[in-house]
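Colleague: Make a model of this:
(one chain, ligands or ions: 3)
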Amino acid sequence: FQLDELTKYIDSHQEEYVQTLREWVAVESDSSDVLKRSEVERMMNITAEKLKAMGGNVELVDIGIQELPWGKTIPLPKVVTAQFGSDPAKHTVCVYGHVDVQPAKKEDGWATEPYNLTDINGNLYGRGASDNKAPVLAWIHTVQAYQALDIELPVNVKFVIEGMEETGSNGLDAMIVSQNDTFFADVDYIIISDCGWLSRRPALTYGTRGNCYFFAEVEGPKQDLHSGVYGGTVIEPMTDLIGILDTLISPSGKILIPGIQEAVSPLSDEEWKMYQDIEFDVENYKRKMGVNRLMYSSKVDLLAHRWRYPTVSIHGIEGAFSAPGTKTVIPAKVIAKFSIRQVPNMEPAIVEKQVTDYLHAVFGRRKSPNKLKVTMVIGAKPWLADTQHPLYEAGREAVKKVFKVDPDMIREGGTIPIAKTFQDVTRKSIIMLPIGAFDDGLHSQNEKMNRYNYIEGTKLFVAYLHEVGLIKKY
Ligand SMILES: C[C@H](N)C(=O)N[C@@H](Cc1c[nH]cn1)C(=O)O
Ligand SMILES: [Zn+2]
Ligand SMILES: [Zn+2]
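Modeller: Numbers count the residues shown, from 1 in each chain. Ligands and ions are numbered 1, 2, ... in the order given. Okay, here's the model as predicted:
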């Protein structure tokens, strides 16, 4: 296996790889903002063109429309599929990734322009750099490196690249179902590189949490009111909303919604031991976040609550006054956005009912004349893999070859909404092979991808394809 040759090729092309990442980051492909939809479309076209230029069999698949909360519809961004090689004697892997991003504005507190990739001491700052543009590019460059050196690909490689992951992968489930007997028929394994390591040690990821994302809307007066003129006489929607939000989770992190905590299996002795053996520097974790105390102090508790217990997060309130200044208004309608990260044994449909029933019961006790509406807008399931599968063995070997260490076996607290659908519909095995660093700041200000992770990650992918090619084909 010509790993040295491929490694040299990757090293000598790193400036070109960074430049392509710069071009990709410059596209504001924020899928949560419908006004940016044309940018997401542009990003899908750029991705398709890149794969076509490499000789792939590429399609832009129409996945229908998105229903917006206010009754309108808009087309969903097309999904890019591509294929390199169709040798029946080889395994076929399907690499999944996304090229949409979370929102970002300089005034959120970025030190650099979020859509202008900026290299500071080998940190490539930019929205979507780590989540998930660089890892997608690293996979594309992997195929390109094999092609450029005229080294036969050890496996057939397919790609599924989408533009709606950050809003729950709308439309992708249906596409997988409809193409299960066509595009996915000859796929043996699915590879996802959309998460990060836990420390400086490379890792293989075997689980993700799901996410149930809710809107809770409280509507009262027909329009906003002067708080001096009307305050004290009107029952304020915001007060109702804050009141019910405060009943979701206790200050010590206990979820108060009946049925949620009860569905979760306790940590087994084996898991406890595994977590205990993982390298995880709690002090560094706190320092990186800029906090002096966490919800738990032990490493095992922290990892368990990050990976395999559910949690509630409150993200924001639409309609609330949030600009600088001192506007004295009583908002007429406010919509809270909160989500529950769930774990195996929890079902989004059941969580939806538990949350809706509970909030209506709590709201009912307030005897408010205002109206409450609770909607679950994303119901993404958790995912768990079999770490004894040859895909993981191949991962361990590839990490050892490239980084000269054994990988950590970790779970991811975040969600890859489509992972469980891939598993259930295609019945193929999945591996998550992350290349992001532990401190990349996904979804946050100053997101970055380390040049080191980007380039060494590409080498890892090159080695990984070789290892998968060695798995016995029955
Ligand atoms: C882990 C992955 N890179 C990611 O950031 N996923 C998002 C997906 C999501 C879940 N609900 C809405 N979007 C995440 O975990 O927040
Ligand atoms: Zn992602
Ligand atoms: Zn993300």
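
Colleague: which bits of the stretch 1-150 of the chain sit near ligand 2?
Modeller: Among all residues of the stretch 1-150 of the chain, those adjacent to ligand 2 (criterion: C-beta under 5 Å from the ion) are 131-132. Backbone N, C-alpha and C define where each C-beta goes, glycine included.

Colleague: Would you mind listing what in the stretch 1-150 of the chain touches ligand 1?
Modeller: With the criterion set to C-beta under 6 Å from any ligand atom, the stretch 1-150 of the chain comes near ligand 1 through 131-132.

Colleague: Going by residue numbers, what spans are strands in the stretch 1-150 of the chain?
Modeller: In the stretch 1-150 of the chain, the strands defined using DSSP state E, counting those that start in this stretch lie at 57-61, 65-67, 73-75, 79-84, 92-98, 118-120, 123-125.

Colleague: Next: the stretch 201-350 of the chain.
Modeller: Residue ranges of the strands in the stretch 201-350 of the chain, as given by DSSP E, counting those that start in this stretch, are 203-208, 210-219, 225-226, 311-318, 329-330, 333-342.

Colleague: Distance to V27, mean neighbour count and mean pLDDT for the strands of the stretch 1-150 of the chain - can I get that in a markdown table?
Modeller: As requested, the strands of the stretch 1-150 of the chain are arranged in a markdown table below (distance: least, C-beta to C-beta, whole Å; neighbours: other C-beta atoms under 10 Å; pLDDT from 0 to 100):
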| stretch | distance to V27 | mean neighbour count | mean pLDDT |
| --- | --- | --- | --- |
| strand 57-61 | 16 | 16 | 98 |
| strand 65-67 | 19 | 14 | 93 |
| strand 73-75 | 18 | 11 | 95 |
| strand 79-84 | 14 | 24 | 98 |
| strand 92-98 | 13 | 25 | 98 |
| strand 118-120 | 16 | 14 | 97 |
| strand 123-125 | 15 | 22 | 98 |
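
Colleague: Pick out the residue of the stretch 251-400 of the chain closest to ligand 2.
Modeller: Ligand 2 sits closest to A380 of the stretch 251-400 of the chain, with a gap of 11.9 Å, by C-beta to the ion.

Colleague: same deal with the stretch 201-350 of the chain?
Modeller: Among residues of the stretch 201-350 of the chain, the one nearest ligand 2 by C-beta to the ion turns out to be T208. It sits 10.5 Å away.

Colleague: Give me the spatial nearest neighbour of P434, chain neighbours excluded.
Modeller: In space, and not counting its chain neighbours, P434 is closest to C195: 4.5 Å by C-beta to C-beta, 6 or more residues apart in numbering.

Colleague: show me the contacts for the one you found.
Modeller: For C195, the residues meeting the contact criterion (C-beta atoms under 8 Å, 6 or more residues apart in numbering) are 205, 208, 412, 414, 416, 432, 434, 436.

Colleague: give the contact list for the fourth one.
Modeller: When contacts are counted by C-beta under 8 Å, 6+ apart, G414 touches 195, 208-209, 341, 442.

Colleague: How about the residues of the stretch 251-400 of the chain by ligand 1?
Modeller: Proximity of the stretch 251-400 of the chain to ligand 1 is assessed by C-beta under 6 Å from any ligand atom, with 378, 380 identified as the residues in range.

Colleague: about what we covered before: would you list the phi and psi of the residue nearest to P434?
Modeller: With angles defined as degrees, to the nearest 10, C195 shows backbone torsions of phi -160, psi -170.

Colleague: Let me know the pLDDT of it.
Modeller: The predicted structure scores C195 at 95 on the pLDDT scale.

Colleague: That one and E412, how far apart?
Modeller: According to C-beta to C-beta, to the nearest Å, C195 and E412 sit 4 Å apart.

Colleague: Could you name every residue contacting both of the two?
Modeller: Contact criterion C-beta under 8 Å, 6+ apart; residues shared by C195 and E412: 205, 208, 432, 434.

Colleague: Help me confirm that the residue of the stretch 251-400 of the chain closest to ligand 2 comes into contact with N211.
Modeller: Yes: with contacts defined as C-beta atoms under 8 Å, A380 counts as touching N211 at a distance of 4.7 Å.

Colleague: who has more neighbours, the two?
Modeller: The residue with the greater number of neighbours, taking A380 and N211 and applying other C-beta atoms under 10 Å, is A380; the counts read 26 against 23.

Colleague: I appreciate the help and will end here.
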